[in-house]
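Student: how would this look folded up:
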Amino acid sequence: MKAVPKVNTNGLYLEDALVDDTFSGVVPFYSYMEQGISDVLTTTENETLPEGESPNQFEHSISGYIIGIPVTPGLFRPRFDLAAWNAYESAVSAAQDSFQQALSKWHALPEEQRGDMPVLESPAQPIFWVEGLTPEEIEELTRPKPVEPNEMDRLGSEMVTRELEVLELRQQNEAQGAQIVGLELRLLSLENS
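Tutor: The predicted structure follows:
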């Protein structure tokens, strides 16, 4: 068993699903709705219908997809590009059809006229997982949040403020002391003269 991504119909990642180790590709999963009732009844393959109800009483719709391609790391909100997947699948199918036609023509030729056997050339697989958020949303998510100071930080800040006030008072005291000494020296010099 392995975990693979499960996406909604827009390709946005929902959660992981456990599947067989050999699972690959893209497979839809369905929700079932009883006709005439708007509640969605999600069922699995192993569940049976309630007694007296036939399968045609239920209408199914695609709820999302199970993706056999791992999510590209580093995405904030992974989104699987379903359009790119469909285009890639069409290109692979076209390449296989072209190969089968070339192989049939090659087999139809006599052995001495065949030449090299045709080779299947599959298209390069594009990157299917893209970012599901806009650059503005990513910027909002990654912007540093202001940190509210806790009690210790607040007390520390107050303590620094008080120490600065004490230092300023000390400097004022020293300046006034120097002025007083200067005045006393002038007084002494006046008395001695």
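
Student: Measure how far the helix or strand hosting Leu185 is from the centre of its chain, please.
Tutor: Per DSSP states H and E: Leu185 is located in helix 151-192. The chain centroid and the centroid of helix 151-192 are separated by 59 Å under C-alpha atoms, centre = their mean, to the nearest Å.

Student: per-residue confidence averaged over it?
Tutor: Averaging pLDDT along helix 151-192 yields 91.

Student: Could you do stretch 78-93 as well?
Tutor: Computed over stretch 78-93, the average pLDDT equals 95.

Student: which parts of that stretch are buried?
Tutor: For stretch 78-93, a neighbour-count test (16 or more other C-beta atoms under 10 Å) marks 78-80, 82, 84-85, 88 as buried. Every residue, glycine included, has its C-beta placed from N, CA and C.

Student: Over to stretch 133-153?
Tutor: Leu133.

Student: Am I right that Trp129 is in contact with Pro78?
Tutor: Yes - using C-beta atoms under 8 Å, Trp129 is in contact with Pro78, at 5.3 Å.

Student: shared neighbours of these two, anything?
Tutor: Applying C-beta atoms under 8 Å, 6 or more residues apart in numbering, one finds that Trp129 and Pro78 are jointly contacted by 71-72.

Student: closest to Ser157 among the buried residues of stretch 78-93?
Tutor: The shortest gap between Ser157 and any of the buried residues of stretch 78-93 belongs to Pro78, at 42.2 Å (C-beta to C-beta).

Student: ok now do that closest one, which residues does it touch?
Tutor: 5, 12-13, 71-72, 129-132 are the contacts of Pro78 under C-beta under 8 Å, 6+ apart.

Student: Next, format the buried residues of stretch 78-93 as CSV and append secondary structure.
Tutor: Formatted as CSV, the buried residues of stretch 78-93 follow (DSSP: H, G, I helix; E, B strand; the rest coil):
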residue, secondary structure
Pro78, strand
Arg79, strand
Phe80, strand
Leu82, helix
Ala84, helix
Trp85, helix
Tyr88, helix
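
Student: and those residues, which two are the farthest apart?
Tutor: For the buried residues of stretch 78-93, the maximum inter-member distance is 17.6 Å, found between Pro78 and Tyr88 (C-beta to C-beta).

Student: I'd like the mean pLDDT over stretch 62-74, please.
Tutor: On average, stretch 62-74 scores 92.

Student: And it, what's buried?
Tutor: 63-67, 69, 71.

Student: Using JSON lines, lay out the residues you listed together with distance to Glu121.
Tutor: Compiled in JSON lines, the buried residues of stretch 62-74 are given as follows (distance: C-beta to C-beta, whole Å):
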{"residue": "Ser63", "distance to Glu121": "36"}
{"residue": "Gly64", "distance to Glu121": "33"}
{"residue": "Tyr65", "distance to Glu121": "27"}
{"residue": "Ile66", "distance to Glu121": "29"}
{"residue": "Ile67", "distance to Glu121": "25"}
{"residue": "Ile69", "distance to Glu121": "21"}
{"residue": "Val71", "distance to Glu121": "28"}
